[in-house]
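>>> build the 3D model from these lines:
(2 chains, ligands or ions: 1)
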Amino acid sequence: MKYIDEFRQRELAQKLAASIQQEADHDRQYNLMEFCGGHTHAIFRYGVQDLMPANLTFVHGPGCPVCVLPIGRIDNAIQLLEQHNVILCTYGDMLRVPASGRKSLLKAKATGADVRMVYSTQDALKIAHNNPDRQVVFFAIGFETTTPPTAVAIKQAEKQGLKNFSVFCNHVLTPAAIQSILDSPEVRDIGSVSIDGFFGPSHVSTIIGSRPYEFFAKSFQRPVVIAGFEPLDVMQSALMLIRQLNQGRHEVENEYTRVVTREGNLKAQSLVAEVFEVRRVFEWRGLGMVPNSALQIKPRFADFDAELRFQLPAIQASDIKGCECPSILRGIKKPTDCKLFGTICTPENPMGSCMVSSEGSCAAYWSYGRFRQPENKTDREGVAV
Amino acid sequence: MCLALPAKIISIDATTDRAIVAVGDVKKEISLALVEGAKVHDFVLIHVGYALNKISQQEAERTLEIFAEAGLSGEKPA
Ligand code: SF4
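Just a heads-up that it's a prediction; the model follows:
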């Protein structure tokens, strides 16, 4: 077992597709939101939509950490470089995200700022060790999956007495965001998008478990199925959501049992709880100010908090004119509704964050040619039958 | 960003809590700081240089069986 190819088998995809076609009630619509960009990516890459009945729509959610980071926080990172002359360590995806004034970390690097792309928080610690006379800041972003590695790095830095290392914390919380989507007036009142059920995050849930979703499955009466990121996982989860909806149930079910339990990874959770606390409010691109939706470094580790060390101001910055990322992130618009899509805005020259990461909806639409359909179905690989 | 890959543990260095894992033919060094009781030959899900969790072979097999069963009902005439 390699845990990859087995979950991409063509014959099984055909069988699952047949079941879905048979069980879906043709007199109703199924709008299923995949919260995670990882699912969006899988749906496009493997042409899963083509195997679904016409009355099932995948609504792409905001679960791409690069996409939801507000511009002001990237402006802050550029301040760290330009005003404080730090070495800024960041995951690769952040480099090309547009900031205010047509800047980006990549452009800052081109003009001499010391931006280092790292694969792991361990690399950032090494850079701090090797540059004792420079301040090194790790630009921490991501959902519950990437938070525990940041917690480990902060604890290690403390243990090693590293004085030149700090973290610019932008870690955000998934359940709060899903709740905010369901709370948003567009979804609640206007009905321009109705979401019938959710694919729950794969890797976030390996850490937090399936339990945190139980509250809102109940209070918002929407089924949630925690789904793996392989195409067969997505299809099986769609089938599970269809069954719940047909039976009028709204429970949390787990398709991704090979890694996700109800309790999650307790060791990782306790590390996170030791180092971080909930921020009262944090801005999400697309969702606005969402209460209790992000983490900040606890006072006990204040020495490693770049926001305090460099007194970073809160910056309110507006999105690039014409960019529809905010509506796309809430599932209200599609990338093709954006006038800049594919003309001014492409992955080579992104105008908005949704075009940067491969998990962003605009990048997925562009890369897998979905917008060219139905004329051109040839440039995708995968399980499509 | 949230992509994570299944990898097999090849060797463990208990003093540093680090391991060498294989992703297909590629070997990588990762941290085991986030998982409890991982052993050589276990499969783990790796992400940004850390193992996030162990992967259960038993559950993976069960899931594959469920896929096949779901398909069976679909073959019946509607
Ligand atoms: S196509 Fe570009 S400009 Fe338009 S919404 Fe997507 S990222 Fe924003």
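
>>> name the nearest residue to whatever residue of the stretch 101-250 of chain A ends up closest to chain B, sequence neighbours excluded.
Distances between the stretch 101-250 of chain A and chain B by CB to the nearest CB are smallest at residue A:120, namely 2.7 Å. In short, each C-beta sits where N, CA and C put it, glycine included. Excluding its sequence neighbours, the residue lying closest to residue A:120 (CB to CB, 6 or more residues apart in numbering or on different chains) is residue B:49, at 2.7 Å.

>>> residues contacting the one you found?
Counting by CB atoms under 8 Å, 6 or more residues apart in numbering or on different chains, residue B:49 makes contact with A:119-123, A:149, B:30-31.

>>> please identify which of these is nearest to the ligand.
The closest of the contacts of residue B:49 to the ligand turns out to be residue A:119 (CB to the nearest ligand atom; 25.3 Å).

>>> which bits of the stretch 101-250 of chain A sit near chain B?
A:119-123, A:141-143, A:145-146, A:148-149, A:152, A:201-204, A:206-207, A:228-229, A:232-233, A:236, A:239 (CB under 8 Å from any CB of the partner chain).

>>> out of these, which are inside strands?
If you go by DSSP state E, these have A:141-142 in strands.

>>> report the mean confidence score over stretch A:51-71.
Stretch A:51-71 shows a mean pLDDT of 89.

>>> right, is it up against the ligand?
No: judged by CB under 6 Å from any ligand atom, stretch A:51-71 stays clear of the ligand, getting no closer than 8.4 Å.

>>> can you add distance to the ligand and pLDDT and give the contacts of residue B:49 back as TSV?
Shown next, in TSV, are these (distance: CB to the nearest ligand atom, whole Å; pLDDT from 0 to 100):
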residue	distance to the ligand	pLDDT
A:119	25	93
A:120	28	95
A:121	28	96
A:122	32	95
A:123	29	96
A:149	28	97
B:30	33	95
B:31	34	96
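
>>> select only the buried ones of those in PyMOL?
For the buried members of the contacts of residue B:49, the matching PyMOL selection, counting by 16 or more other CB atoms under 10 Å in any protein chain shown, is:
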select buried, (chain A and resi 120+121+122+123+149) or (chain B and resi 30+31)
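
>>> and the contacts of residue B:49, which of them are in helices?
With helices defined by DSSP state H, the entries of the contacts of residue B:49 inside them are A:121-123, A:149.

>>> show me where chain B has its strands.
Secondary structure of chain B by DSSP E: the strands cover B:5-13, B:18-23, B:26-31, B:43-47, B:50-54.

>>> again with chain A
All strands of chain A, identified by DSSP E, fall at A:30-36, A:56-63, A:87-90, A:115-117, A:136-142, A:165-171, A:197-200, A:224-226, A:252-254, A:276-284, A:288-297.

>>> from the contact counts, what lies against the second one?
Okay, so that is strand A:56-63. Other elements packing on strand A:56-63 under the criterion 3 or more CB pairs under 8 Å, 6 or more residues apart in numbering or on different chains; DSSP states H and E are strand A:30-36, helix A:37-45, helix A:174-183, helix A:325-329.

>>> ok, and what's touching the longest one?
Residues outside helix A:174-183 that contact it (CB under 8 Å, 6+ apart): A:33, A:35, A:61-63, A:68, A:143-144, A:187-188, A:195, A:198, A:201, A:204, A:208, A:212-213, A:215-216, A:220, A:222, A:284, A:287, A:290-293, A:330-331.

>>> make it 6 Å
Applying CB atoms under 6 Å, 6 or more residues apart in numbering or on different chains, the external contacts of helix A:174-183 come out as A:35, A:143, A:201, A:204, A:212, A:216, A:220, A:287, A:290, A:292-293.

>>> okay, buried residues for it please.
A:174-182.

>>> one step back: mean pLDDT lowest where, among the strands of chain A?
Looking at the strands of chain A, the weakest mean confidence is strand A:56-63, a mean of 87.

>>> dump that strand to CSV, restricted to CA.
Presented in CSV, the C-alpha positions along strand A:56-63 are these (Å, rounded to 0.1, in the frame of the first residue of the first chain):
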residue,chain,number,x,y,z
LEU,A,56,-24.4,18.6,-8.2
THR,A,57,-22.3,21.8,-8.0
PHE,A,58,-18.9,22.1,-6.2
VAL,A,59,-18.8,25.5,-4.5
HIS,A,60,-15.2,26.4,-3.9
GLY,A,61,-14.5,27.7,-0.4
PRO,A,62,-11.9,29.9,1.2
GLY,A,63,-9.6,27.2,2.4
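
>>> worst mean pLDDT across the helices and strands of chain B, which element?
helix B:57-75 (a mean of 77; mean pLDDT, DSSP states H and E).

>>> closest to residue B:4 out of the contacts of helix A:174-183?
If you rank the contacts of helix A:174-183 by distance to residue B:4 using CB to CB, residue A:204 comes first, at 10.2 Å.
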